[in-house]
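*Asks:* Here is a sequence together with a model predicted from it:
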Amino acid sequence: MRSQSSSFAWIAAVGFLVSRSAGAHVLNAEDGLLAGLAHPFLGIDHLLAMLAVGFWAAQTGGRALWAVPLTFMTTLAAGAWLGVSGVPLPAVEAGIAASVLALGLLVAFAIRLPLAVGMALTSVFALFHGHAHGTELPAMVAPLGYGAGFLLATAALHGSGLLAAVALNERRLRLAGACVALGGAFIVSGL
């Protein structure tokens, strides 16, 4: 009975979050750091993907524990720089939606890829997320503060995903991945 209650809680939480707007919303604040810190938490697509990176890194284990999140953050920063610079990237929203779905499925099915492949895949996903962060930079904030803020928030979300994965047994972790994939499917269907 307790297992069904926790499963229902996960599904209800994802349903609530997905029912909110899937697009990231920029906080209208003059402080770039605060706007950047808030950004990943205000877009369910970013929130789910960044938690899932932590889930997947923990599930994969070994060097992936640090290499996958670090790869995501490094490429996230590069993608943001491209966005701020006005360099176009095709299908950003579709790439972000696909990343949520794919990362959720990787966790749900406990797929462990070779480290280099996992890092490359994570890098592609992060490029889309970073580009969105960069293009949505509010005109009234300091870009470096904003970038530092969304990188700190991303690190916190990756860390939360890692800690949650450690606390959950494999079955519940896979259920969390399925909930992320469900959220990704809703986001994809809304495109």
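*Replies:* Here it is on my side, so go on. Numbering: from 1, shown residues only.
*Asks:* Now do G159, the pLDDT please.
*Replies:* Looking at G159, its pLDDT stands at 97.
*Asks:* contacting residues for it?
*Replies:* If you count contacts by CB atoms under 8 Å, 6 or more residues apart in numbering, G159 has them with G54, P69. Using the backbone N, CA and C atoms, a C-beta is placed for each residue, glycine as well.
*Asks:* cool, L152 as well?
*Replies:* Applying CB under 8 Å, 6+ apart, the residues contacting L152 are G36, L37.
*Asks:* next one: the helix or strand hosting it to chain centre, how far?
*Replies:* Remark: L152 resides in helix 143-167, with elements defined by DSSP states H and E. The chain centroid and the centroid of helix 143-167 are separated by 9 Å under CA atoms, centre = their mean, to the nearest Å.
*Asks:* Report the buried residues of that helix.
*Replies:* Buried positions in helix 143-167, judged by neighbour count with 16 or more other CB atoms under 10 Å: 145-151, 153-155, 157-158, 161-162, 164-165.
*Asks:* closest to M119 among those?
*Replies:* Nearest to M119 among the buried residues of helix 143-167 is H158, at 13.8 Å by CB to CB.
*Asks:* Hmm, A57 and the closest one touching each other?
*Replies:* Yes. With contacts defined as CB atoms under 8 Å, H158 counts as touching A57 at a distance of 7.3 Å.
*Asks:* got any residues that touch both of those two?
*Replies:* Applying CB under 8 Å, 6+ apart, one finds that H158 and A57 are jointly contacted by P69.
*Asks:* from the chain's centre, how far out does the host helix or strand of T122 sit?
*Replies:* Secondary-structure element containing T122, defined by DSSP H and E: helix 115-135. Centre-to-centre, helix 115-135 and its host chain are 10 Å apart (CA atoms, centre = their mean).
*Asks:* Then stretch 162-173?
*Replies:* On CA atoms, centre = their mean, the centre of stretch 162-173 falls 17 Å from the chain's centre.
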